[in-house]
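**Q** Sharing a sequence plus its predicted fold:
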Amino acid sequence: MELKNNGKVIGNLNISAKALETIIEKNISEIKGVKGLANLPFDFKQYILKRSNVSKIHFEMNSGTVEINCAISIKIGYSVKKVCEEVQLQVKNVVQNMTNLVVSCVNIYAVGLCTE
């Protein structure tokens, strides 16, 4: 992303995937009902393409927007739907506010239920 001052380009800003992961992980952990991040479901296509590292958050940049996929474990006794909706909203807001990136969508995978 270009940094501008009075319309003049003064440099570039690059945000690492690790920085985005940290921002998201910190904010997700504060949502009621979320136990924490979990590993994303196995993606055979990624495995074939030799990208077999297991991750909890995946980003895809498309035409200046970012698509975010993350997996979470939810505490038993909380509504899965409500928790996932809250995570989607929180992730979108925090990424857009802290990085100025446009978030096209946030896909949440509820992959586990855990006790307190």
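**A** On my side now, so go ahead.
**Q** Residue 92 should be in a helix, yeah?
**A** Yes - counting by DSSP: H, G, I helix; E, B strand; the rest coil, residue 92 is located in a helix.
**Q** Is it correct that it is in contact with residue 106?
**A** Yes - under the contact definition of Cβ atoms under 8 Å, residue 92 touches residue 106, with a separation of 5.2 Å. The way it works is simple: take the backbone N, C-alpha and C, and place the C-beta from them, glycine included.
**Q** Give me the common contacts of these two.
**A** residue 68 (Cβ atoms under 8 Å, 6 or more residues apart in numbering).
**Q** out of these two, which sits in the more crowded spot?
**A** Neighbours of residue 92 and residue 106, each counted by other Cβ atoms under 10 Å, are more numerous for residue 106; the result is 20 against 17.
**Q** any idea which element residue 69 lies in?
**A** Per DSSP states H and E: residue 69 is located in strand 65-75.
**Q** Mind listing the strands that strand pairs with, and their directions?
**A** The partner list of strand 65-75 in its sheet, established with DSSP bridges, is strand 34-38 (antiparallel), strand 57-62 (antiparallel), strand 102-114 (parallel).
**Q** low-scoring stretches of the chain, by residue?
**A** Low-confidence regions of the chain, defined here as pLDDT under 70, cover residues 1-5, 42-54.
**Q** Distance of residue 33 relative to residue 114?
**A** According to Cβ to Cβ, to the nearest Å, residue 33 and residue 114 sit 10 Å apart.
**Q** picking that back up, distance to residue 15 for the strands paired with strand 65-75 - can I get that in a markdown table?
**A** As requested, the strands paired with strand 65-75 are arranged in a markdown table below (distance: least, Cβ to Cβ, whole Å):
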| stretch | distance to residue 15 |
| --- | --- |
| strand 34-38 | 19 |
| strand 57-62 | 10 |
| strand 102-114 | 13 |
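**Q** among the ones you listed, which is nearest residue 68?
**A** Distance to residue 68, taken as Cβ to Cβ, is lowest for strand 102-114 among the strands paired with strand 65-75, at 4.8 Å.
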